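Fold the following.
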Amino acid sequence: MTNSDVAWMAGFVDGEGCLTISRQKRKGRPSPAYRVFISVSNTNRNVLSIFKSEYGGGIYNIHDRRKDKRGKNWSDAFDWYCPVSSSKRFIMDILPYLRLKKPQAMIILHFLTTKNGFKRTHWPGRGKGSAPLSPEEITHREWLRQEIHKLNTKGPDARKGVV
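Sure thing, here's the model as predicted:
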């Protein structure tokens, strides 16, 4: 890919993308799971196939035809989801070209680089699955999730108080 291709992708992420960290509370597990979530939406599926061909992932139809307030049909829309295995490379590639979502990308990058930096305890009696997160790691991940959530909040007062 050329620099202009990557800059074009970054523009799409700025306008039609979602960069966030999700938290999943898991039944029967002592700690929540935190995951990077990156997606780009568009009504043109072919546009998103460029993301899929370079970074993998999947493209999914997210809307069936629906109507707006005046009764006019909206086009179908599609989402490309970046796989976790490509998330760091994708963020590193587009980061220099992002304008609006650069703070979110920096938080995701920090999350990905510190993810394995906490000492994990042994989980006795379990042959499969990851060990529980330490309280310090949960606090760190939750803080990052909340910071990115503040950046993604819409409205006139949305960006107040963001560090």
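
State the number of residues packed around the nearest residue to Gly17 once chain neighbours are set aside.
Counting by Cβ to Cβ, 6 or more residues apart in numbering, Val40 is the residue found nearest to Gly17 once chain neighbours are left out, at 4.6 Å. C-beta here means a position set from N, CA and C on the backbone, and glycine is covered the same way. If you count neighbours by other Cβ atoms under 10 Å, Val40 ends up with 24.

From Ala105, how far out is Val40?
13 Å (Cβ to Cβ, to the nearest Å).

Give me the contacts around the helix or strand of the chain with the lowest mean pLDDT.
Sorted by mean pLDDT, DSSP states H and E, the helices and strands of the chain end with strand 58-61, the least confident at a mean of 92. Identification of contacts with strand 58-61 by Cβ atoms under 8 Å, 6 or more residues apart in numbering yields 45, 48-49, 52, 76-81.

Sort out which residues of that strand are buried, please.
For strand 58-61, the neighbour count (16 or more other Cβ atoms under 10 Å) marks Ile59 as buried.

strand partners of the following helix or strand past that strand, parallel vs antiparallel please.
For strand 58-61, the following helix or strand on the C-terminal side (DSSP states H and E) is strand 78-81. Partner strands and pairing direction for strand 78-81 (DSSP bridges) are strand 33-42 (antiparallel), strand 58-61 (antiparallel).

ok, now which ones touch the nearest residue to Phe12 once chain neighbours are set aside?
Of all residues not flanking Phe12 in the chain, Val40 sits nearest, at 5.5 Å (Cβ to Cβ, 6+ apart). Val40 makes contacts with 12-13, 16-18, 48, 51, 79-80, as judged by Cβ under 8 Å, 6+ apart.

Now do Val40, the pLDDT please.
Val40 is assigned 96 on the pLDDT scale.

Tell me how many other residues surround Arg99.
10.

Who are the contact partners of it?
With Cβ under 8 Å, 6+ apart, Arg99 has these contacts: 10, 14.

Is it in a helix, a strand, or coil?
Secondary structure, DSSP: H, G, I helix; E, B strand; the rest coil: Arg99 is coil.
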